[in-house]
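1. Sequence and predicted structure below; questions after.
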Amino acid sequence: MSSTSHDHPLPPPTVEEVSEGVFAYIQPDGSWWINNTGFLAGRRGVICVDACSTERRTRAFREAIGTVTDRPITTLVNTHHHGDHTFGNWLFPEATIVGHEGVREQILAEGVPTYRAAWSPEVEWGEMEVAPPFLTFTDRITLHSDDLRCEVRHVGHAAHTTNDSYVWIPERRLLFSGDLVFNGGTPFVLMGSVAGALDALDQLRALGAETVVPGHGAVCGPEAYDRVEGYLRFVQETAARGRAAGLSPLEAARETDLGEWGDLLDSERIVGNLHRAYAELDGQPPGAPIDLAAAVFDMITYNGGKPLSCLA
């Protein structure tokens, strides 16, 4: 079983002006460790939303910003702690790094995580230095790009992770969702909560966004929420059937036809998601610690025993 349907080689990243002075940096194909970022180009400086996973990709992101503006990068917002959005933090030494206090805690706790070994050994991570946010918040913080108000809001509960935030620009009806939204890739909630991710989608819907820059995949509209929701409910239904039948998460995944979800990138995430769904069925609170190593091992097993593919 292949973990994704990559085309080789991957297309280059693109800079898309999604609103005046606001840019999405889209990295195809949006699979493991290939995320989206973005930036706001103001008269006095640049606000970035997330870094990239590897040194090469983060340096390319910085170069792309330089093709739009010569203003300094003053601020870097992390939407959550995962390395595809934070490993490149150290390459923004001039910027104030902003994130929920849980982002800082997780980055400091993990350091440079060893679980990277679960992915293809061909990944060129480059140099890595731990650089967590040093301006943190508990609920929300407001940034301004010139006169444009940007609200960075913590979801308030576990969802994709335990520390997800999104960047909402109300004047433009524009949302940087982080990994609360995957567009074309399999949603992943192993380190968060299935139920919490569904609640987060309701929170996003209430904003009334017209344009959404997802954590992975092409720029979209709020219609992308429906597909994420459909997949997460599929996970819950599969978990309920599997647990009732006495199956492990891996066994339940192997006996399940992914159906309409089989075309999503990185389909082996079904196993990790089922580990989380089983924990919730067992009464564990959203985001409670579970055996992540066992879940990742089961994803590799589901993938035919091969390391998970990554073209970052």
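-> Ah, there it is.
2. Asp179 belongs to a helix, doesn't it?
-> No. Judged by DSSP: H, G, I helix; E, B strand; the rest coil, Asp179 forms no part of a helix; its state is strand.
3. Let me see the contact set for it.
-> By Cβ atoms under 8 Å, 6 or more residues apart in numbering, the contact set of Asp179 is 35, 79-80, 82, 85, 160-161, 164, 188, 214-216. Where you see a C-beta, it was placed from the backbone N, CA and C, and this is true even at glycine.
4. quick one: pLDDT of it?
-> Listed pLDDT for Asp179 reads 99.
5. What of the one 10 residues further on?
-> As summarised for this prediction, Val189 has a pLDDT of 98.
6. before we move on, the earlier item: could you dump the contacts of Asp179 to CSV with neighbour count, secondary structure and distance to Ser248?
-> Conversion of the contacts of Asp179 to CSV gives the following (neighbours: other Cβ atoms under 10 Å; DSSP: H, G, I helix; E, B strand; the rest coil; distance: Cβ to Cβ, whole Å):
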residue, neighbour count, secondary structure, distance to Ser248
Asn35, 29, coil, 30
Thr79, 29, coil, 32
His80, 29, coil, 28
His82, 27, coil, 25
His85, 26, helix, 30
His160, 27, coil, 24
Thr161, 27, coil, 24
Asp164, 29, coil, 28
Phe188, 22, coil, 19
Pro214, 27, strand, 31
Gly215, 28, strand, 29
His216, 28, strand, 28
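7. Show me the shaky parts of this protein.
-> The chain contains residues with pLDDT under 70 at 1-8.
8. picking that back up, pick the one among the contacts of Asp179 closest to Glu251.
-> Phe188 (20.1 Å; Cβ to Cβ).
9. Grab the nearest non-local neighbour of Ala41.
-> Distances taken as Cβ to Cβ, 6 or more residues apart in numbering put Thr69 closest to Ala41, at 4.2 Å, once the chain neighbours are dropped.
10. On the three-state scheme, that neighbour is what?
-> For Thr69, the assignment made with three-state DSSP gives coil.
11. any idea where the helices of the stretch 151-300 of the chain begin and end?
-> 194-207, 224-244, 249-254, 269-281, 292-302 (DSSP state H, counting those that start in this stretch).
12. so of the ones you listed, which one's packed in deepest?
-> helix 269-281 (a mean of 25; mean count of other Cβ atoms under 10 Å).
13. From Ile65, how far off is the residue positioned nearest the centre of the chain?
-> In the chain, the C-alpha nearest the mean C-alpha coordinate belongs to Asp179, at 3.0 Å (Cα atoms, centre = their mean). To Ile65, Asp179 is 22 Å away according to Cβ to Cβ, to the nearest Å.
14. re the thing from before, from the contacts of Asp179, which single one is nearest Gln106?
-> Using Cβ to Cβ, those come closest to Gln106 at Thr161, 7.5 Å.
15. phi, psi of the closest one?
-> With angles defined as degrees, to the nearest 10, Thr161 sits at phi -130, psi -160.
16. I figured it was touching Gly196, is that so?
-> No. Between Thr161 and Gly196 there is no contact under Cβ atoms under 8 Å: 9.7 Å.
17. Identify the contacts common to the two.
-> Here Thr161 and Gly196 share the contacting residues Gly287, scored by Cβ under 8 Å, 6+ apart.
18. What is the most widely separated pair among the contacts of Asp179?
-> Based on Cβ to Cβ, the longest span within those runs between Thr161 and Pro214 and measures 15.4 Å.
19. So for Glu151, which of the helices of the stretch 151-300 of the chain sits nearest?
-> Nearest of these (Cβ to Cβ): helix 194-207, 9.5 Å.
20. helices or strands next to that closest one in the packing?
-> With contacts taken as 3 or more Cβ pairs under 8 Å, 6 or more residues apart in numbering; DSSP states H and E, helix 194-207 sits against strand 174-182, helix 224-244, helix 269-281.
21. now it against helix 224-244, angle please.
-> Here the directions of helix 194-207 and helix 224-244 differ by 160 degrees (axes from the mean of the first three to the mean of the last three Cα atoms, to 10 degrees).
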